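In: Just the structure for this:
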Amino acid sequence: MTADSEMDIKEAFQRAQKGHNNKAKLVASLNSRYNKLEDKTLFHEEFVHYLKYAMIVYKREPTVENIIEFVARFATSFLSPPKTEEEEEQQEEEEEEDEEDDHPFLSFIFNFLLESHKASSHAVRFRVCQLINKLLGSMAENAQIDDDLFDRIHQAMLVRVTDKFPNVRIQAALAMTRLQQPKDSDCPTINAYMLILENDTNAEVRRAVLSCIAMSPRTLPKVLKRTRDIKENVRKLAYQVLADKVHIKALTIAQRVTLVQQGLRDTSETVREMVSSRLLPAWLLRVEGNVIGLLHKLDVENCADTALETLKAIFKGTLTEELPQNRAQLDNRKLIPVDSLSCENVLYWRALCEFLKAQGDDGEEMLEQVLPDAATYADFLYRYLKVVPLLTEEQRADFNQLELVMTKEFISQQLIHLIGCLDTNEEGGRKRVLSVLQEMLALPQTPSSLVSLLTEKLLTLIPDDHRRIQTVAEIISDVREPIMEASAPMDENMSRRHQVQLAEVKVSIIEAKQTLEDSIAAQDFSRAAELKDSITELENRRNQILQEVQESSQPADKEIRTEKNDPETLLRCLTMCAELLKQMGIKTRIGPTISALMSSLVLPSIANAHPAVRNMAVVCLGTCTLHSRELAKAHMVLLLQIAQLDEAKIRISALRAIVDLLLLFGFQLLSETAANLTALNTKSPDRREEDAPAAEEKGDAPEDTAQSILVMLSEFLDSEVSDLRTETAEGLAKLMYTGRISSAKMFSRLVLLWYNPVTEDDTRLRHCLGVFFQLYARESRAHQEVVEEGFLPTVRTLMNAPATSPLAEVDVNNVVELLVELTRPSALIKPSTNTEEVCVHDYLAVRICGEMLKDPTAPEVRLYTKTLSNLELSGDGTVKKDLQTLLQQLVQEVKDRISLRGLEKMIGQLADSKEQAELLSPSALQPLDVNADEAAADDPSKSAKRAKRGTAGQRKVCAARSGRKPSRRAESSEESDGENVPESVPQVRPSRRAKTAALEKTKLDLNTLINQEAN
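Out: The predicted structure follows:
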């Protein structure tokens, strides 16, 4: 090869570095030169020689990226352009021969890359995978490669997809995109992809796999699971992939509902936007834009809230002027005909009206087009509700009838909800709606499932609390004591006596008539006259008796009230009462009407045999006591007894009432009922001291009273009933956050409950406590002191947990990280202005040192040493001196070498603030090794300098998935890896102009290296 041709290759590489150069011309020029050569070996070697300069650079420099792009284009330029199917059929044999002979350069490049993929330099491995990805991606859609080459690429990328550097794994995963075989049930590429989605700790790697994985019945569940990923970018991409690649029919109803529910309620705005703007429109497109058809694909009866959120998201993306065009099959009265009512169209009608109502004045005109006036709608609602049937027990056994009634009840609920959209400012319409609601509540045929909703809508139309109470009390009276016509019971003896008398009279009449005939025949006319008078008297007597019998058989025209105590009636009345108490203002006092309802309805129902009645009575009692401190004092003992003795559901209702009372009135409420509560605490004194944390009393409540309640709550945290356990944890979190309780032991119990594997499936509990820990610790320094006080008891519990305990599976390092993060002074929302206060981490450091001195040979000493290096210690001289003394004692006592090195480094850092700054500066530039846990323990200062982490839930998940702890900032970066990118010391952020100037100075130019090599 001549020097001129060598310059051509070199010049091509030099020009390819510049982004403005036309790479197509460079490729064509070099391709022409290559085709003229007979011996192409020297060209191959020369080309690879210059390529190596780019492959040793790991950073994503623009010049290097341009060269990689140029090499990929040049290598694939030898492939023939895509051909039609007819041309392929005609020239199949010729193409096979051409493929063997026409691509020696492409084969050479692939061989070179596959030989280099095991290089020790992560930069080379990264560039190898990147080049293979670009080469395969640049080939035509119907391109073919040799089977042996396919297998070699496949095997190499399967190795690189497990590389320790995230960027290498990303490129390897992208390179395998075209190697997938979705129809193969055991495709190695898809198996590797699914493994990465489940287990890879780097979010960008998971995103890369999501972007290229082929959809199939095997991979769909894995992609669905990524919609619950810890990183919002992964969740967002998962929804995008589902919108673009998955047909709505490929998902089950449960999967569709879950996707929409989680997506529209996601904590990230970008994820919610992705669901609204991409997923839902894609589904609508697949049902030809029919919104009602989309609702048919969802379970609207059981997930009405999710369906409503879906419709509102669709409406937001639709022009307001276009909304009334789809009028949900309304007739000229602006009503859906009764025969056409279905779950889907009535829910759409409700959602549309509520959306327009929420638009205010802008939607008022359009609302009038889809909703009639109040009086017309009230009559429509009344006619429909009256025909909803009530099923007997025998009819409920028939599933078809039960399903039909449930559908009618669901439609009724949506129609009742529509009352909130009506214009009730007009007096006549409002009165008609009120009368319909009152009549439906009083009717015994109204289904129980509608009572609460009807009562709620009735109360929203009545603004005055006293009028509300009077109205509901009258309805309850009519339901429980209906007016009935009274009929006197018929006396059987009297009836029998009348019958006997009537028979005697009839016999006497017959005998008298016979005698009369005989007298007339004998011509004894005087006797005949007497007998005739006697017969007349007997007939009068007979008529009198008949009249008496008729009067006794007729009912008396009289009305009386009869009290009904069946469970259904009591439940209806209690439901109305509970809704009334909820809607009442908290400052509204308990008047004589409510007191009468309490004494005649609520309190007697607490002892009812029916569980549903008892539960609703407890709800009424708990809600009522919130309105009266005296009533709360009187019934607190009863609520506590119910919380301990009744069924689980009723105990939870009582527990909620107790927590609400303590939140509203505090533990002072118990001061006058302490004597009654002594019987509640059945625990032994030892157990009481162990389990019951002390409460900070804000008044005169005796400690044993508060202690007895906290013992009870502590027992509930160990309950096997998950709902009771969750409700207790939530109640304790509320009490601690509001300051009603300040207890390190209780906080420790909640932390252990959160980490306990037993509660893994309790999503509500995990979410509640995860939010509580962050809010509680960041609220005030006093709360951080509680967390700090609970640090050692929590760690001791975990370290001493027996092997059979679920707590033995908990990662102690992760728990310690959480507690350290919660107590950081910089995490406070409002940092303390008192400079004389000792830092919470200073206290924690002293406690940890004291714990280590108790047993310097304990296995947790290494954990404590690592924790010390993560603390944010203040610059207080006295604290530094005390800590130095403790650390020097520990150095003499501790034997573990890793712990010793950490302690010695801590002593050096505490020696002087200036020396500490000098120590931190060089160490910050040292690379981090993600695989060396022991090295991290050897050099605890690295952990102390790392950036502040995310939420507790994120730390928890990441720690559970992998023992490795790379730099969080580096792991989340797609462009660089944490192992080789130093974390800089915090500094002032430069201006945009300064950054631009610095970027120009630091641009990499491979020409210098190439010229040095040439010289």
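In: residue contacts, the spatially most central residue of the chain?
Out: In the chain, the centroid-proximal residue (Cα atoms, centre = their mean) is residue 262; its distance is 6.4 Å. Counting by Cβ atoms under 8 Å, 6 or more residues apart in numbering, residue 262 touches 227, 228. In short, each C-beta sits where N, CA and C put it, glycine included.
In: Please report the distance of the residue lying farthest from the centre of the chain from residue 781.
Out: In the chain, residue 523 marks the outermost C-alpha relative to the chain mean, sitting 112.1 Å out by Cα atoms, centre = their mean. Between residue 523 and residue 781 the computed distance is 132 Å (Cβ to Cβ, to the nearest Å).
In: Residue 110 too?
Out: 63 Å.
In: Same drill for these two, tell me which one is more crowded.
Out: residue 110 (22 against 18; other Cβ atoms under 10 Å).
In: any idea which helix or strand carries the more buried one?
Out: helix 104-116 (DSSP states H and E).
In: now that helix: mean pLDDT?
Out: On average, the pLDDT along helix 104-116 is 84.
In: now stretch 883-890
Out: For stretch 883-890, the per-residue pLDDT averages 85.
In: same thing with stretch 846-865?
Out: 87.
In: Dump it to PDB, keeping only the CA atoms.
Out: The C-alpha trace of stretch 846-865 is given here as PDB (Å, rounded to 0.1, in the frame of the first residue of the first chain):
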ATOM      1  CA  VAL A 846     -21.000   9.200  71.500                       C
ATOM      2  CA  ARG A 847     -23.700   6.500  71.900                       C
ATOM      3  CA  ILE A 848     -22.200   4.300  69.200                       C
ATOM      4  CA  CYS A 849     -18.700   4.600  70.800                       C
ATOM      5  CA  GLY A 850     -20.100   3.700  74.200                       C
ATOM      6  CA  GLU A 851     -21.900   0.700  72.700                       C
ATOM      7  CA  MET A 852     -18.600  -0.400  71.000                       C
ATOM      8  CA  LEU A 853     -16.700  -0.100  74.300                       C
ATOM      9  CA  LYS A 854     -19.200  -2.500  76.000                       C
ATOM     10  CA  ASP A 855     -18.000  -5.300  73.800                       C
ATOM     11  CA  PRO A 856     -15.100  -4.400  71.400                       C
ATOM     12  CA  THR A 857     -15.000  -8.000  70.000                       C
ATOM     13  CA  ALA A 858     -18.700  -8.100  68.900                       C
ATOM     14  CA  PRO A 859     -19.400  -8.600  65.200                       C
ATOM     15  CA  GLU A 860     -21.300  -5.400  64.900                       C
ATOM     16  CA  VAL A 861     -18.200  -3.300  65.700                       C
ATOM     17  CA  ARG A 862     -17.400  -3.100  62.000                       C
ATOM     18  CA  LEU A 863     -21.000  -1.900  61.300                       C
ATOM     19  CA  TYR A 864     -20.700   0.800  64.000                       C
ATOM     20  CA  THR A 865     -17.300   1.900  62.600                       C
END
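In: Check the offset of the helix or strand containing the residue nearest to the centre of the chain from the chain's centre.
Out: Assessed by DSSP H and E, residue 262 sits inside helix 253-264. Its chain's C-alpha centre and that of helix 253-264 lie 11 Å apart, by Cα atoms, centre = their mean, to the nearest Å.
In: With stretch 538-558 instead?
Out: 76 Å.
In: low-confidence ranges in the stretch 101-250 of the chain?
Out: The stretch 101-250 of the chain contains residues with pLDDT under 70 at 101-103.
In: please redo it, this time with the cut-off set to 80
Out: In the predicted model, the stretch 101-250 of the chain carries pLDDT under 80 at residues 101-104, 140-145.
In: Okay, helices next: where are they in the stretch 451-600 of the chain?
Out: Ranges of helices in the stretch 451-600 of the chain, per DSSP state H, counting those that start in this stretch, are 451-460, 465-480, 492-521, 525-553, 567-583, 592-597.
In: from the ones you listed, which stretch is densest packed?
Out: helix 567-583 (a mean of 22; mean count of other Cβ atoms under 10 Å).
In: who does that helix touch, helix- and strand-wise?
Out: helix 451-460, helix 465-480, helix 611-625 (3 or more Cβ pairs under 8 Å, 6 or more residues apart in numbering; DSSP states H and E).
In: what does the longest one contact?
Out: Okay, so that is helix 465-480. By Cβ under 8 Å, 6+ apart, helix 465-480 touches 438, 441-442, 444, 455, 458-459, 462, 563-564, 569-570, 572-573, 576-577, 579-580, 583-585, 588, 591, 593-594, 596-597, 601.
In: redo that, cut-off 6 Å
Out: 441-442, 459, 462, 564, 569, 572-573, 576, 580, 584-585, 588, 593 (Cβ atoms under 6 Å, 6 or more residues apart in numbering).
In: okay, those residues in CSV with pLDDT next?
Out: Listed next are these as CSV, based on pLDDT from 0 to 100:
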residue, pLDDT
441, 91
442, 90
459, 92
462, 91
564, 79
569, 90
572, 92
573, 93
576, 94
580, 93
584, 88
585, 87
588, 83
593, 91
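In: State the distance from residue 363 to residue 334.
Out: Distance from residue 363 to residue 334, by Cβ to Cβ: 15 Å.
In: Then residue 499?
Out: 66 Å.
In: repeat for residue 532
Out: Counting by Cβ to Cβ - residue 532 and residue 334 are separated by 81 Å.
In: And stretch 371-390, what's buried?
Out: 371-378, 380-382, 385, 388 (16 or more other Cβ atoms under 10 Å).
In: Going by residue numbers, what spans are helices in the stretch 51-200 of the chain?
Out: Under DSSP H, counting those that start in this stretch, the stretch 51-200 of the chain gives helices at 62-76, 85-90, 92-101, 104-116, 122-138, 147-160, 166-175, 188-199.
In: contact partners of the last one?
Out: Put plainly, it is helix 188-199. Contacts for helix 188-199 (Cβ under 6 Å, 6+ apart): 158, 161, 176, 179, 180, 206, 209, 213, 222.
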